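S.K.: Below are the sequence and a predicted model for it; my questions follow.
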Amino acid sequence: MFQILKYIDSLATVGKKQGLNVSVETIGKSFENRSIRVLKIGATSVPAGGVRRTVFIDGGIHAREWIAPAAVLFVADQLINNATASADIINDTDFYIVPVLNPDGYEHTHTNVS
């Protein structure tokens, strides 16, 4: 789990260097008091018409859903590291990306053999 959180922070740093509006926020706590973090990706400018769409992408809802966080992080990586190619999408859309919505279950399945 630590590697995922570290990677989210690194994506935010890269995105800011590319001029994107990128932030990482804690949107809540799990039952076992682990942070649930969201990566917000958007443009710094206001789109034509002044209306921004919102896309919410989450993964890791179920404990053994190990591939979903990787897939969600891939989407975030592509949006940020290919910002020029994704500019038309990013300019009028705010993306809220939560790679692990169930950090307790994700951690449990990685630390307990069943």
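M.R.: Arrived safely, thanks for sending.
S.K.: Flag every buried residue along the helix or strand of the chain with the lowest mean pLDDT.
M.R.: The helix or strand of the chain with the lowest confidence, counting by mean pLDDT, DSSP states H and E, is helix 87-90 at a mean of 86. Within helix 87-90, the residues that qualify as buried are Ile90, counting by 16 or more other C-beta atoms under 10 Å. C-betas here are computed from N, CA, C, even on glycine.
S.K.: Beyond that helix, next helix or strand please.
M.R.: Downstream of helix 87-90, the next assigned helix or strand under DSSP states H and E is strand 93-98.
S.K.: Now for the residue with the shortest distance to the centre of the chain: which residues touch it?
M.R.: Within the chain, one residue has its C-alpha closest to the average C-alpha position: by C-alpha atoms, centre = their mean, that is Ile97, at 3.1 Å. Contact analysis of Ile97 by C-beta atoms under 8 Å, 6 or more residues apart in numbering lists Val38, Leu39, Lys40, Ile41, Ile57, Asp58, Val72, Val75, Ala76.
S.K.: how about TSV for those, with distance to Tyr106, secondary structure and neighbour count added?
M.R.: Shown next, in TSV, are the contacts of Ile97 (distance: C-beta to C-beta, whole Å; DSSP: H, G, I helix; E, B strand; the rest coil; neighbours: other C-beta atoms under 10 Å):
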residue	distance to Tyr106	secondary structure	neighbour count
Val38	15	strand	20
Leu39	16	strand	25
Lys40	21	strand	17
Ile41	22	strand	25
Ile57	16	strand	16
Asp58	12	strand	17
Val72	12	helix	21
Val75	18	helix	16
Ala76	17	helix	21
